[in-house]
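A.B. asks: next comes the sequence, and after it the predicted model I'd like to discuss.
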Amino acid sequence: MQNLAITYTGDVAILTMQSGENRHNPLFAKEMLSALETIKSNESCKAMVITSNDDKCFSLGIDTDWLMPAMKAGRTEEIKQFMYDMDEVFKTVLLFPLPVIAAINGHAFGNGAILACACDFRFMRSDKGFFCFPEVDLSIPFLPGMIEFVKKAMPYHRFNEMKLSGRRVSGKELENDHVIEKAYETQEALMEGALNYAKSFDKKRGIFGEHKKRLHKHIIETIDKENAPLIDALSLMA
């Protein structure tokens, strides 16, 4: 895979994004779905950590270098398929029958922050990297499903402030808000903390997956019912 790598530490899968800023485009979405299926098919795996090998970025969200030319060229079907594929990525992460832990090693912006919110638990660096929803400054409205993902992960007052201001928020602030479990001062400490937390889980997939299915039913319904008409109409910009 060009954008991703899968490794294992004991019975914990580490899914590493490895394309620099880890922008989301059609290839990223397809590779992510394939990687998630590969990890799920490993019956000995008990948890998954999602991270990046970039020094500065976890993920900076949608690949505008792909999206803007695609919009200008009128490649509407390609754009729609990408949006549906990314919804499938988010839903797959949300309902994954194993604990999914985000080790946020750098900036998580836009769609990259949504990916972190779709995970069950989050850890982050305190010395570098910010969490940010810049869409208000980019004239891009959230899809309804995206709003539900973030509301799952953070207190409403923090989301309201971040969504309407576009402000970059640090790991220490998010730790205080319980958006992340813990903020670490080094990359080594971050990965050690995330992996140790992942290794603490030994749940049966059936019941774990069923809990998540029932817990997040409203999010899936919002994606399926409300995202689709906006994607089909390409109401992606304001």
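C.D. replies: Cool, the structure landed.

A.B. asks: separation between the residue of the chain positioned farthest from its centre and residue 66?
C.D. replies: In the chain, the residue that sits farthest from the middle, by C-alpha atoms, centre = their mean, is residue 73; the gap is 28.2 Å. Residue 73 is 11 Å from residue 66, where distance means C-beta to C-beta, to the nearest Å. C-beta: built from backbone N, CA, C; applies to glycine.

A.B. asks: check residue 161 too.
C.D. replies: 30 Å.

A.B. asks: which one's more surrounded, these two?
C.D. replies: The neighbour count for residue 161 versus residue 66, taken as other C-beta atoms under 10 Å, is higher for residue 66 (19 against 13).

A.B. asks: verify the stated contact: that one with residue 29.
C.D. replies: No - taking contacts as C-beta atoms under 8 Å, residue 66 lies outside contact range of residue 29: 11.1 Å.

A.B. asks: for residue 165, what are its contacts?
C.D. replies: By C-beta atoms under 8 Å, 6 or more residues apart in numbering, residue 165 lies in contact with residue 136.

A.B. asks: where exactly do the strands run in this protein?
C.D. replies: Taking DSSP state E to define them, one finds strands in the chain at 4-9, 12-17, 47-52, 57-59, 100-104, 107-109, 121-125, 130-132, 169-170, 182-184.

A.B. asks: residue nearest the centroid of this structure?
C.D. replies: Taking C-alpha atoms, centre = their mean, the centroid of the chain lies closest to residue 115, which sits 0.9 Å from it.

A.B. asks: excluding sequence neighbours, find me the nearest residue to it.
C.D. replies: Leaving aside its sequence neighbours, residue 115 sits nearest to residue 59 (C-beta to C-beta, 6 or more residues apart in numbering; 6.0 Å).

A.B. asks: do residue 95 as well
C.D. replies: In space, residue 95 comes closest to residue 212 once its chain neighbours are excluded; the distance is 5.4 Å by C-beta to C-beta, 6+ apart.
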